[in-house]
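In: quick one: sequence plus predicted model below, questions after.
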Amino acid sequence: AIGGVPEKPEASEDADADTTVDRLTLTLGATLVTSYISRGLVFAAEASVQPSARLSVAAPELDTGPVSDVSFHVGTWNNIKIEPTPEGVDPDDFNRFYEDDVYAGIAFQLGEDWSVSATYYRYGSISGAFGSYNDFELIVTYDDTKLWGNNPPLKNFKLSPSLRSVQEGSRPNRRDALSL
């Protein structure tokens with residue numbers, strides 16, 4: 001230091017390296033369907049648009065341990081009928097909004113081969129087509145890529161078996177409240 005003023009440190013090769021990490025991901029989408037069918041059931045026979053939005057926030061990487069790639073997500077999914085409304089029903093009313101869902105959750109990698117996702121869903125209907133309810137979903141997936149070897153016919157092959165469990169929180173005593 002000259003005259004009590006610290007000298008400027010020399011710039012290292014890493015000084016100009018980009019240290020920012022994209023942690024936010026916004027996904028927007030919309031699907032046009034001729035009818036709303038889910039799990040083999042017709043929920044709305046009319047043509048609909050199904051807009052969705054999802055925001056994911058990646059947590060900073062952990063230095064050690066088996067947990068990595070932690071992210072948090074929130075989103076919404078909707079089903080809006082686009083066909084003409086029945087006679088006698090005000091087309092400006094909310095009756096076109098068959099379903100409006102919101103969800104929030106966490107996902108992470110466990111070790112090299114396992115991934116886990118836990119999500120809370122709130123299913124609703126502004127139009128009153130059905131009573132609101134909520135689900136808790138847990139998905140555990142195994143990456144079996146290494147089990148198949150690196151043979152040319154099986155290179156990059158995987159089945160990725162997973163277990164998905166959904167528990168309805170607002171109607172737990174129903175026979176179909178838990179699904180695997």
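Out: Cool, got the structure. Numbering: from 1, shown residues only.
In: look up the closest residue to residue 115, ignoring the ones flanking it.
Out: residue 141 (4.8 Å; C-beta to C-beta, 6 or more residues apart in numbering). C-beta coordinates here come from the backbone N, C-alpha and C atoms, glycine included.
In: beta partners of that neighbour?
Out: Going by DSSP bridges, residue 141 is paired in beta bridges with residue 115, residue 162.
In: tally of neighbours for it?
Out: Residues within reach of residue 141, counting by other C-beta atoms under 10 Å, total 17.
In: ok, it touching residue 161?
Out: Yes - Residue 141 lies in contact with residue 161 (C-beta atoms under 8 Å); the separation is 7.3 Å.
In: what helix or strand is the closest residue to residue 75 other than its chain neighbours located in?
Out: Among residues not flanking residue 75 along the chain, residue 54 sits closest, at 3.6 Å (C-beta to C-beta, 6+ apart). Per DSSP states H and E: residue 54 is located in strand 48-58.
In: could you list the buried residues of that strand?
Out: Neighbour-count burial for strand 48-58 flags 48, 50, 56, 58 (criterion: 16 or more other C-beta atoms under 10 Å).
In: for the last one, give me its contacts.
Out: Listed by C-beta atoms under 8 Å, 6 or more residues apart in numbering, the contact partners of residue 58 are 21, 22, 23, 24, 25, 69, 70, 71.
In: identify the bridge partners of it.
Out: residue 71.
In: worst-scoring helix or strand of this protein, pLDDT-wise?
Out: In the chain, the helix or strand scored least confidently by mean pLDDT, DSSP states H and E is strand 178-179, which has a mean of 72.
In: before we move on, the earlier item: out of the buried residues of strand 48-58, who's nearest residue 78?
Out: Nearest to residue 78 among these, counting by C-beta to C-beta, is residue 50 at 6.5 Å.
In: neighbouring strands of the helix or strand containing residue 107 in the sheet, and parallel or not?
Out: Using DSSP H and E, residue 107 maps to strand 97-110. Counting by DSSP bridges, the strands paired with strand 97-110 are strand 67-81 (antiparallel), strand 114-124 (antiparallel).
In: could you dump those to TSV with distance to residue 134, mean neighbour count and mean pLDDT?
Out: Shown next, in TSV, are the strands paired with strand 97-110 (distance: least, C-beta to C-beta, whole Å; neighbours: other C-beta atoms under 10 Å; pLDDT from 0 to 100):
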stretch	distance to residue 134	mean neighbour count	mean pLDDT
strand 67-81	14	17	94
strand 114-124	5	16	95
